[in-house]
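In: please find the sequence and the predicted model below.
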Amino acid sequence: MGLYVETRIRTDLETLWDHTRKPGRQQRWDLRFTEISPLSGTGDGPERFRYATRVLPFLVVAGTGVSAGERHRAGGDRVSALRFSSPDPLSLLAEGSGYWRFVPTEDGVRFLTGYDYRPRWGRFGRIVDRLLLRPLMGWATAWSFDRLRLWCERGITPARSRDRWLLELAARVLLVAAPLTATALPPGLPPLLAVPLTVLGLAAAVLVPPSSRAPAARRCLRTPPATAREPRLLATLAPPGAEDHRPTAPEDRS
């Protein structure tokens, strides 16, 4: 898969499953989605959904998807897979697919995802994706996973952890901007003093560890292990809007 993110969460498997598989909960912690609405499907079969993402204050792009989960597997782990697409010409993401794995450990759950997508807009879209969107999607996924971890482990709601992250971000920006701003205000900070203070502020903004109560993408693993692979469940899902007449694949024990 093109993007990979992994974290470890000290919680039970059922709690994590509910927080990720229920649309009303996922949209609370997942920065990539503004809204997720079920369209059809119940139980353990494929479930179709609509998603929307606010890209800018005045721009919302939407699409549809289909997902399925395996709760009872021989190894004790669980898998969730999905396919999605957007007909919106303003959406750089044309279609894609991915999966989640839930692997129980001694102290919680190893939670990981792999996914990829096809950008639209031709060569221009591929360049924008490689330079901007793909790094941003990787960061947003990792940041969201850590936000979910704080919710499951410490009971910090997604809204509260977001506010703490914004406050911390503002403090880091202030460390850099304050010396530069002070030079323009009377009586003014001497330029020779402003430069080293700005450098020190920049170093502090970059090097000071994030708060333990605010999400941070850096806490997640973003390099897949050599053994990472898609679950066979993903091959059983038809693209959104298509009827799936393919037989169900045998249980994936890997």
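Out: Sure, I can see it.

In: quick one: residue 234 from residue 227, how far?
Out: In this view, residue 234 and residue 227 are 17 Å apart by Cβ to Cβ, to the nearest Å. Just so you know, the C-beta spots here come from the backbone N, C-alpha and C atoms, and that holds for glycine as well.

In: what about those two, which has more around it?
Out: Neighbour totals were compared for residue 234 and residue 227, and residue 234 leads with 21 against 6 (other Cβ atoms under 10 Å).

In: residue ranges with poor pLDDT in the protein?
Out: Of all residues in the chain, those with pLDDT under 70 make up the ranges 1, 41-44, 179-195, 197, 241-254.

In: switch to 90 and redo it
Out: 1-2, 21-24, 38-47, 55-58, 69-76, 171-209, 225-254 (pLDDT under 90).

In: biggest helix in it, by residue count?
Out: If you go by DSSP state H, the chain has its longest helix at helix 158-182.

In: list the contacts of the residue nearest the centre of the chain.
Out: For the chain, residue 141 is the residue whose C-alpha lies nearest the centre (Cα atoms, centre = their mean; 1.9 Å). Counting by Cβ atoms under 8 Å, 6 or more residues apart in numbering, residue 141 touches 3, 5, 32, 113.

In: quick one on the thing from earlier: which secondary structure elements does the longest helix of the chain sit against?
Out: helix 23-29, helix 134-154, helix 191-207 (3 or more Cβ pairs under 8 Å, 6 or more residues apart in numbering; DSSP states H and E).

In: what's the angle from the longest one to helix 158-182?
Out: Yep, that's helix 134-154 we're talking about. If you take axes from the mean of the first three to the mean of the last three Cα atoms, to 10 degrees, helix 134-154 sits at 120 degrees to helix 158-182.

In: before we move on, the earlier item: look up how far residue 33 lies from the residue nearest to the centre of the chain.
Out: Residue 141 sits 11 Å away from residue 33, going by Cβ to Cβ.

In: one more: residue 39?
Out: For residue 39 relative to residue 33 (Cβ to Cβ), the value is 15 Å.

In: with residue 87 instead?
Out: From residue 87 across to residue 33, the span is 17 Å (Cβ to Cβ).

In: neighbour count winner among these two?
Out: Taking other Cβ under 10 Å, residue 87 and residue 33 do not tie; residue 33 has more neighbours (17 against 13).

In: how close does the residue nearest to residue 77 when sequence neighbours are not counted get to residue 4?
Out: Computed as Cβ to Cβ, 6 or more residues apart in numbering, the closest residue to residue 77 that is not its neighbour in sequence is residue 103, at 4.6 Å. Remark: distance between residue 103 and residue 4 (Cβ to Cβ) = 14 Å.

In: neighbour count for the two, which is higher?
Out: Taking neighbours as other Cβ under 10 Å, residue 103 and residue 4 compare with residue 4 leading, 21 against 17.

In: right, and the helix or strand after the host helix or strand of the more buried one?
Out: Assigned by DSSP states H and E, residue 4 belongs to strand 3-9. Using DSSP H and E, the next helix or strand after strand 3-9 towards the C-terminus is helix 13-21.

In: report the buried residues of that following helix.
Out: Buried residues in helix 13-21, defined by neighbour count with 16 or more other Cβ atoms under 10 Å: 13, 16, 17, 19, 20, 21.

In: what helices or strands is the helix or strand that contains residue 80 leaning on?
Out: In this structure, residue 80 is located in strand 78-85 according to DSSP H and E. Helices and strands touching strand 78-85, by 3+ Cβ pairs under 8 Å, 6+ apart, are helix 13-21, strand 59-70, strand 93-105.

In: so how far is the first one off the chain centroid?
Out: Think helix 13-21. Taking Cα atoms, centre = their mean, to the nearest Å, one finds the center of helix 13-21 at 16 Å from the center of the full chain.

In: mind checking how far the closest residue to residue 78 other than its chain neighbours is from residue 216?
Out: Leaving out its chain neighbours, the residue that sits closest to residue 78 by Cβ to Cβ, 6+ apart is residue 102, at 4.2 Å. Note on residue 102: its distance to residue 216, by Cβ to Cβ, is 22 Å.
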